[in-house]
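structure here, sequence nowhere to be found:
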């Protein structure tokens with residue numbers, strides 16, 4: 001690592017040749033933000049790539065997704081969002097943007113069992129085993145999905161989200177950075193673009209989708225070259241049971257590593273080496289208080305949760321990938337540390353977990369914390385862009401730095417001068 005004094009002395013030189021590679025420093029709301037950290041190790045291509053991530057661009061991408069409301073699957077607003085994502089990826093230089101098409105026909109709803117006589121109406125059971133494993137502890141508060149349009153007080157947004165979902169064809173977008181020496185091997189980076197709850201799905205999961213899109217933008221630059229391939233996927237139908245990710249696995253798993261056409265050196269579906277998912281990235285305000293309320297501000301010790309599933313067939317490889325991301329966070333994230341947990345669940349890496357190394361990055365532990373009400377905006381009308389502060393957005397940016405640092409190392413990324 002170069003000294004601070006030396007790095008500061010060469011920063012102007014690095015800025016000259018990197019200037020076309022770096023984004024505009026104008027923030028999403030007109031605030032001028034620094035495009036790069038004050039000190040960059042210009043000998044490290046990964047550090048140069050990570051330096052392209054900036055708060056303003058991350059916020060602007062989230063804001064762009066929220067223009068389509070909650071983007072519920074099976075609606076025009078969802079299809080419009082898919083079109084917008086594809087246009088954005090192409091504008092970054094992702095010329096090989098493609099779509100997965102599949103059918104989704106929801107099963108008939110099953111009636112909920114009636115509550116036991118005398119049971120408390122709003123108190124969750126004590127210390128249940130959370131989905132994916134782990135045991136919930138501490139103060140918990142009720143969670144659920146808002147299906148009441150009148151709880152959305154903004155009439156414009158209420159009207160935008162009014163169209164109901166209908167069965168039928170669904171699509172999701174992906175693009176690929178093709179490796180130069182190992183195009184037949186690939187890491188997958190994902191986030192889901194659909195949401196529910198009559199809000200804007202800003203955190204769940206525009207915050208994760210924006211990470212995927214920002215990484216796609218950086219890797220798309222022709223001066224960035226990789227040995228292995230990396231694919232950026234914006235899943236659909238996550239909220240209905242990971243159906244978009246399942247459709248991808250069903251359609252593409254059997255095509256891995258097959259050269260097409262034979263002798264061309266092209267691999268439409270390279271062999272999967274690992275899958276990294278991003279799902280709810282911004283809100284780590286801590287445990288509910290005794291009255292069930294949530295602290296107003298991001299907690300100073302907020303961290304990026306990296307989860308793998310300890311009872312999956314690929315648990316050992318997944319844990320290895322999780323700890324590699326943890327190391328990248330320590331080296332490249334500017335503000336927030338990471339922690340590794342063994343209870344990945346209810347996210348689009350699930351369909352991959354018995355096939356390849358699979359992890360999920362998120363704001364809190366999915367089963368034991370999000371499931372215990374640590375995020376009051378989850379699936380609610382308050383999941384809006386304006387709900388979140390720059391401190392919240394910055395946690396998501398640190399997750400982006402974490403993944404970019406890890407993936408760039410994994411695929412052997414370099415930056416040509």
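Arrived safely. In this text the structure is predicted, and so the values were computed from the model without any measurement.

CA only for contacts and neighbour counts going forward, please
Noted.

which parts of the stretch 51-200 of the chain are helices?
Listed from the start of the chain, the stretch 51-200 of the chain has helices (DSSP state H, counting those that start in this stretch) covering 55-66, 76-91, 155-160.

repeat for the stretch 251-400 of the chain
Applying DSSP H, counting those that start in this stretch to the stretch 251-400 of the chain gives helices spanning 315-332, 390-410.

mean neighbour count, these: which tops it?
helix 390-410 (a mean of 25; mean count of other C-alpha atoms under 10 Å).

packing partners of the one helix or strand residue 47 maps to?
Using DSSP states H and E, residue 47 maps to helix 45-50. Packing partners of helix 45-50 (3 or more C-alpha pairs under 8 Å, 6 or more residues apart in numbering; DSSP states H and E): helix 390-410, strand 414-415.

distance check, residue 231 against residue 407.
In this view, residue 231 and residue 407 are 11 Å apart by C-alpha to C-alpha, to the nearest Å.

sorry, that was for residue 256
Residue 256 is 20 Å from residue 407, where distance means C-alpha to C-alpha.

ok, residue 189 next?
Going from residue 189 to residue 407 by C-alpha to C-alpha gives 9 Å.

residue 414 contacts residue 226, correct?
Yes - using C-alpha atoms under 8 Å, residue 414 is in contact with residue 226, at 6.4 Å.

so these two - more neighbours on which side?
Taking neighbours as other C-alpha atoms under 10 Å, residue 414 and residue 226 compare with residue 226 leading, 23 against 18.

so what pLDDT did the more buried one get?
Here the pLDDT value assigned to residue 226 is 98.

spit out the contact partners of it.
177, 178, 179, 180, 408, 411, 412, 413, 414 (C-alpha atoms under 8 Å, 6 or more residues apart in numbering).

now residue 266
Residue 266 touches 183, 184, 259, 260, counting by C-alpha under 8 Å, 6+ apart.

can I get those residues in a markdown table including pLDDT and neighbour count?
Below are the contacts of residue 266 laid out as a markdown table (pLDDT from 0 to 100; neighbours: other C-alpha atoms under 10 Å):
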| residue | pLDDT | neighbour count |
| --- | --- | --- |
| 183 | 98 | 23 |
| 184 | 98 | 22 |
| 259 | 97 | 17 |
| 260 | 95 | 13 |
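
hey, where'd the strands end up in the protein?
Remark: strands assigned in the chain by DSSP state E are 98-104, 168-177, 182-192, 224-225, 228-235, 271-278, 304-307, 338-341, 357-362, 414-415.

closest to residue 320 out of the ones you listed?
strand 357-362 (8.1 Å; C-alpha to C-alpha).

how far does the closest one sit from the chain's center?
10 Å (C-alpha atoms, centre = their mean, to the nearest Å).

verify the stated contact: residue 374 with residue 282.
No - at 11.9 Å, residue 374 and residue 282 do not qualify as touching, with contact defined as C-alpha under 8 Å.

perfect, I'm done here.
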